[in-house]
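Fold the following.
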Amino acid sequence: MRRRDFCKVLPGLAALPLFYPKSAHAAKFKITDVRLSRVRLIKDAGTVPRRVGVTGGGLPISIGGFTVTEVHTDQGLVGIGPGIEPAVLKQVQGLLVGQDPFDINRHAAVLYAPQRTWGAPVEVALWDLLGKAVDQPLYKLWGGLRDRILPYAAMWGIGTPEERAEMAARVKGEGWRAIKLRSGFTTLRDDVRLIEQVRKAVGDDFHILTDGNKAPGDADAAGDDPTLWNFKRAADTAREYQRLNVYWLEEPLPRYAYDLLGELNRLVEIPMAGGEANWGVHEFKWMLDQGCFDIVMPEIIRLGPQMSRTIATLAGAFNKQVSPHGAPQERRLVSICGMHLAASMSNCPILEFIHEPPIGNLFEGWTVFESAPVLEKDGTMKVPQGPGLGVTIRKDLMERT
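Below you'll find the predicted structure:
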């Protein structure tokens, strides 16, 4: 085709739908309401302690007891996503009611804003709705690739090297093939002993990941952790972990220390991961330009599925990998969304789920779902095959707010 002929057809190409040709039925879809419902509290499971014998900084675990965002349509279909604050409900309704749910690019753009906590949950509900409208699971709607993902059990607590080794052996015994530990000890010696003890407990056929939690000094997020990593500590730790065949080292330096992160990544060979708390495509572009990470981790509940997919594509252009992050709601709808994202991304090798039994048992948290995912015999998880997110919440647990 000659260039001038090609230019003539561009306007027609631009008019094509982005991902799904609207049928006459789909064109009639209209959002009629956005509501909140509540999943009844089944039980308080307790608190996963941050450190053995230390109170404070733990992760409270409840089975049920959370809210769900519902996007309703005039066709009777309802999309569900993580709950939002009731105070912003009218604002969300003003943005969406009367709109065509298939205008997802428009919705994702107006819902997102840096530091906004309610945009991404609503976007998840919209995607669930679209999957139901076309009767396809989200990973298929996003292009499909595989129907299962490799999960890793992420530890919330720091524990002791010996206690973490026992935990790792337990997790491997359950069928998991990977664990992520927190490198939050005061000394480099203990951080290294942690990996040595765990490696001894699980053998060489098991992936060990570790997280510096945006060191220095904020591994507990509230700033009360005694750990302080400077560049030398981060580099020394990375070299030791490299020797012990650690799968990746996550966020060994402060979040916005792009120059130092890039320098560290060039200095060591162990893969480095990060980005869970960053905002916007531009920040991930900066990280990729600087060579900060080999695996970028867009936070689904901050950025939403659409931007997470964009960041994955951007990472692929840099020959980098991606692993969508879903904390702190891994036990609920965000983790299910993450499974669909991971299954549709060619550069996503592994996915995080907080699982720290007995209190922080992922699968006990998932008992609120009908037909929840399970850990397969080969250590993978099959992506839910129902339309949208592919899971439904048990009707006997639903309460209107």
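
From the contact counts, what lies against the helix or strand containing Tyr139?
Using DSSP states H and E, Tyr139 falls within helix 138-141. Using 3 or more C-beta pairs under 8 Å, 6 or more residues apart in numbering; DSSP states H and E as the contact test, the elements touching helix 138-141 are helix 119-134, helix 333-343. Bear in mind the C-beta positions are built from the backbone N, C-alpha and C, glycine included.

Now do the longest one, average pLDDT.
Rounded to a whole number, the mean pLDDT of helix 119-134 is 97.

if we can go back for a sec, will you turn the helices and strands packed on helix 138-141 into a markdown table that also has distance to Asn265 and mean neighbour count?
Converted to a markdown table, the helices and strands packed on helix 138-141 look like this (distance: least, C-beta to C-beta, whole Å; neighbours: other C-beta atoms under 10 Å):
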| stretch | distance to Asn265 | mean neighbour count |
| --- | --- | --- |
| helix 119-134 | 28 | 25 |
| helix 333-343 | 23 | 26 |
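
Just send the ones you listed back as JSON lines, with distance to Met381 too.
Shown next, in JSON lines, are the helices and strands packed on helix 138-141 (distance: least, C-beta to C-beta, whole Å):
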{"stretch": "helix 119-134", "distance to Met381": "18"}
{"stretch": "helix 333-343", "distance to Met381": "7"}
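
and the residue nearest to Ile359 when sequence neighbours are not counted, helix, strand or coil?
The spatially closest residue to Ile359, leaving aside those adjacent along the chain, is Gly46, at 4.6 Å (C-beta to C-beta, 6 or more residues apart in numbering). The three-state assignment at Gly46 reads strand, by DSSP: H, G, I helix; E, B strand; the rest coil.

So Gly46 sits against Asn361, correct?
No. Taking contacts as C-beta atoms under 8 Å, Gly46 lies outside contact range of Asn361: 10.7 Å.

More neighbours: which of the two?
Asn361 (18 against 14; other C-beta atoms under 10 Å).

quick one: pLDDT of the more buried one?
As predicted, Asn361 sits at a pLDDT of 93.

One more: Glu399?
pLDDT recorded at Glu399 is 83.

I'd like the next helix or strand past the helix holding Tyr139.
Following helix 138-141 toward the C-terminus (DSSP H and E): strand 148-149.

on contacts alone, who are the packing partners of that next one?
helix 333-343, strand 381-382.

what would the ones you listed look like in a markdown table with distance to Tyr139 and mean pLDDT?
Formatted as a markdown table, the helices and strands packed on strand 148-149 follow (distance: least, C-beta to C-beta, whole Å; pLDDT from 0 to 100):
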| stretch | distance to Tyr139 | mean pLDDT |
| --- | --- | --- |
| helix 333-343 | 4 | 96 |
| strand 381-382 | 11 | 97 |
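
possible to save those as JSON lines with distance to Met297?
Listed next are these as JSON lines, based on distance: least, C-beta to C-beta, whole Å:
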{"stretch": "helix 333-343", "distance to Met297": "11"}
{"stretch": "strand 381-382", "distance to Met297": "18"}
